[in-house]
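[1] test case, fold it:
(chains A and B)
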Amino acid sequence: MVVPYLIIFVVFVVYPVGYGLWLARDPQNYVQLAEDPVFFRSVINTVVFLLVAVNLKMVIALGLSGFFVHTRWWIKILAVLFILPWAAPSIPTILSVRFMLNPEWGIINSIYFQLTAQDGPNWLNDPLLALSFSMLVHIWKSLPFWTLILLAGRLAIPSEQYEAASVDGATRWQRFRHITWPSMRSLYVTCVLLSMIWTLGDFNSVYLLTGGGPADLTHVLATLGIRYLRLDQINLAMASIVAALPLVLPLVYVMMKRLSK
Amino acid sequence: MRKKQLLDEARLLLVGIPVALWTLIPVYHLVLFAISPRDTATSGRLWPENPTLQNFDTVFNQKHFYLNHFWVQLGNSLAIALAVGAITLFVATCAAFAISRLRVRGGRTVMNLALFTYFIPAAFLAVPMYKTMANYGLLNSRWSLVLAMVTIASPYCIWVLKQASDKLPWELDEAARIDGASPMQLFRLVYLPLMVPSLVAVGTYSLLLAWNEYLYAFLLLSKETDLTLAVALGNFLAADDSPWEVLMATGLVYALPPAAIYYAFKRYMVSGLTAGAVKS
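    Numbers count the residues shown, from 1 in each chain, chains lettered A, B, ... in the order given. Model (predicted):
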């Protein structure tokens, strides 16, 4: 009964990967790739994305999980609304943000103009701002999921521990430091690793918001292959994916080790 | 004591209000556009002077050349999502049953291979998949997208189902075997009924994954009448003077079904999927 899956695995995973590696076999491809400034920039952007966006997101998620454990009627309602970004498909919402940021007609610059009587900045025309907004969109989209996971982790901590701590007069920080963090550390690290892997493959947040622009300066490794494909440089597309493997495989290896424990 | 309570409440609100704004602004902006008339859509107002359903009329009656095939594309999205859900469910359930309950030889290896595939970001597999579909002659057929999405969805589904079925008591299998049940009867009469919650979670997951997919859909499909709604939405970006209000109305129509399904099955999704997603 594993046969149906094995067929799919061989036909749509083994063959494509093998064929892709074969297309990327010529060392010349990698020389060409290394000479392309867009490739270098994409690697930098990807690393920035992984370090800044993922860590920022997970720290906020950890904090918010502490907010959502409180039992109030309005927090219950907020929790329902809060997962909207995760429940809704990314295209409409990312395009909505893209329009908000439009320099001429976007609502942000309209309000900016009303307040200051000056034209607002061209947000997505600055590579650093554009990449930052991509990261914000990414965080907006995936924050609810990680908050839910970490919330589940928090709720698994026996409440007696906190009760004992408040009898002893522990401060908020001491409770976090000595009860919450020790029991959630392992979960948190797993989440960070998994989130890094998923973020590596986040195509939409960059492609739909900036399209890799301005001037191909905000590409990440997930969008770079598509860029080469569109330029009809299939070998380079494959080579760029192979070149990303040193970043992907260690993460996957560590993740699989953690899961099979 | 009362003062402290108020302070606590204020502190919570201090977090809650920014969280609400952060979450809702992009969604509100989307809705705002969808109900704004064409000429005032970009006026920068926070509520339209004359809210209208005109844009939805444009969408549903295909009154804009970007939307000439709206209903066909909606149908494509639906058909592809349903096909992916059904095929993934079949493939993943069989595999999980064989690995977890029948303990077939090499089952562990298959599980690890599947997990490995799951962790390779789908965006990296997109280019080789595109070339492969071209070699198979499947390019521009909706089946290419269905098969690609089944490939991407199944590893995770197998894993979640395996985790869930490992928890079922062995005594059930033994009792059924003693009563002379064949593996197929065991599968049909004992295993499937017990797995319903996980099957719902996994089926919904793969269905939504396919409905929401943009990258593979835009790579693998090209004929106007083959496209899914996701790609049709992306195509609005081709021109700078796109009718945003119509795009947002379409986007809203596109986003509502998956969001509704998500909320309807939230209980299953959270318990079934988070347990699988992160095992601490």
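
[2] mind listing what's buried along whichever helix or strand A:Tyr19 is part of?
    Counting by DSSP states H and E, the element that carries A:Tyr19 is helix A:15-23. For helix A:15-23, burial by neighbour count (16 or more other Cβ atoms under 10 Å in any protein chain shown) applies to A:Tyr15, A:Pro16, A:Val17, A:Tyr19, A:Gly20, A:Leu23. Where you see a C-beta, it was placed from the backbone N, CA and C, and this is true even at glycine.

[3] swap in stretch A:179-198?
    Buried positions in stretch A:179-198, judged by neighbour count with 16+ other Cβ under 10 Å: A:179-180, A:184, A:187-188, A:190-198.

[4] so is that stretch next to chain B?
    Yes - using Cβ under 8 Å from any Cβ of the partner chain, we find that stretch A:179-198 touches chain B at A:Ser186, A:Leu187, A:Thr190, A:Cys191, A:Leu194, A:Ile197, A:Trp198.

[5] can you put those residues in TSV and add distance to B:Ser77 and secondary structure?
    Below are the residues of stretch A:179-198 next to chain B laid out as TSV (distance: Cβ to Cβ, whole Å; DSSP: H, G, I helix; E, B strand; the rest coil):
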residue	distance to B:Ser77	secondary structure
A:Ser186	39	helix
A:Leu187	35	helix
A:Thr190	33	helix
A:Cys191	31	helix
A:Leu194	28	helix
A:Ile197	27	helix
A:Trp198	23	helix
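
[6] quick check: the two most widely separated of the residues you listed?
    Spatially, the most separated pair among the residues of stretch A:179-198 next to chain B is A:Ser186 and A:Trp198, at 18.8 Å (Cβ to Cβ).

[7] of all the buried residues of stretch A:179-198, which comes closest to B:Leu24?
    Checking the buried residues of stretch A:179-198 one by one against B:Leu24 (Cβ to Cβ), the nearest turns out to be A:Ser195, at 23.4 Å.

[8] quick one: contacts for the closest residue to the closest one other than its chain neighbours?
    For A:Ser195, ignoring the flanking residues on the chain, the nearest one in space by Cβ to Cβ, 6 or more residues apart in numbering or on different chains is A:Val54 at 5.0 Å. Neighbour list for A:Val54: A:Val192, A:Ser195, A:Met196, A:Thr199 [criterion: Cβ atoms under 8 Å, 6 or more residues apart in numbering or on different chains].

[9] same check, this time on B:Leu89
    The contact partners of B:Leu89, by Cβ under 8 Å, 6+ apart, come to B:Cys157, B:Leu199, B:Val202, B:Gly203, B:Ser206.

[10] show me which pair in those is furthest apart.
    Farthest apart among the contacts of B:Leu89 by Cβ to Cβ are B:Leu199 and B:Ser206. That separation is 10.9 Å.

[11] for the two, indicate the residue with more neighbours.
    The residue with more neighbours, out of B:Leu199 and B:Ser206, is B:Ser206; 26 against 22, by other Cβ atoms under 10 Å in any protein chain shown.

[12] tell me the secondary structure for the more buried one?
    Three-state call for B:Ser206 (DSSP: H, G, I helix; E, B strand; the rest coil): helix.

[13] what do you get for B:Pro51?
    Using three-state DSSP, the structure places B:Pro51 in coil.

[14] now do the same contact list for it.
    By Cβ under 8 Å, 6+ apart, B:Pro51 lies in contact with B:Ile35, B:Ser36.

[15] how does it look with 7 Å?
    Applying Cβ atoms under 7 Å, 6 or more residues apart in numbering or on different chains to B:Pro51 gives the contacts B:Ile35.

[16] same thing with B:Lys162?
    By Cβ under 7 Å, 6+ apart, the neighbours of B:Lys162 are B:Ala96, B:Ile99, B:Ser100, B:Met111.

[17] what strand or helix carries it?
    Going by DSSP H and E, B:Lys162 is in helix B:142-166.

[18] buried stuff in that helix?
    Buried-residue list, helix B:142-166, by 16+ other Cβ under 10 Å: B:142, B:144-165.

[19] ok, back up a step: for A:Gly120, state which of the buried residues of helix A:15-23 is nearest.
    If you rank these by distance to A:Gly120 using Cβ to Cβ, A:Gly20 comes first, at 43.5 Å.

[20] ok and the residue in the stretch 51-200 of chain A nearest chain B?
    A:Ser110 (2.5 Å; Cβ to the nearest Cβ).

[21] tell me the secondary structure for that residue?
    Relying on three-state DSSP, one would call A:Ser110 helix.

[22] count the neighbours of it for me.
    For A:Ser110, using other Cβ under 10 Å, the count is 19.
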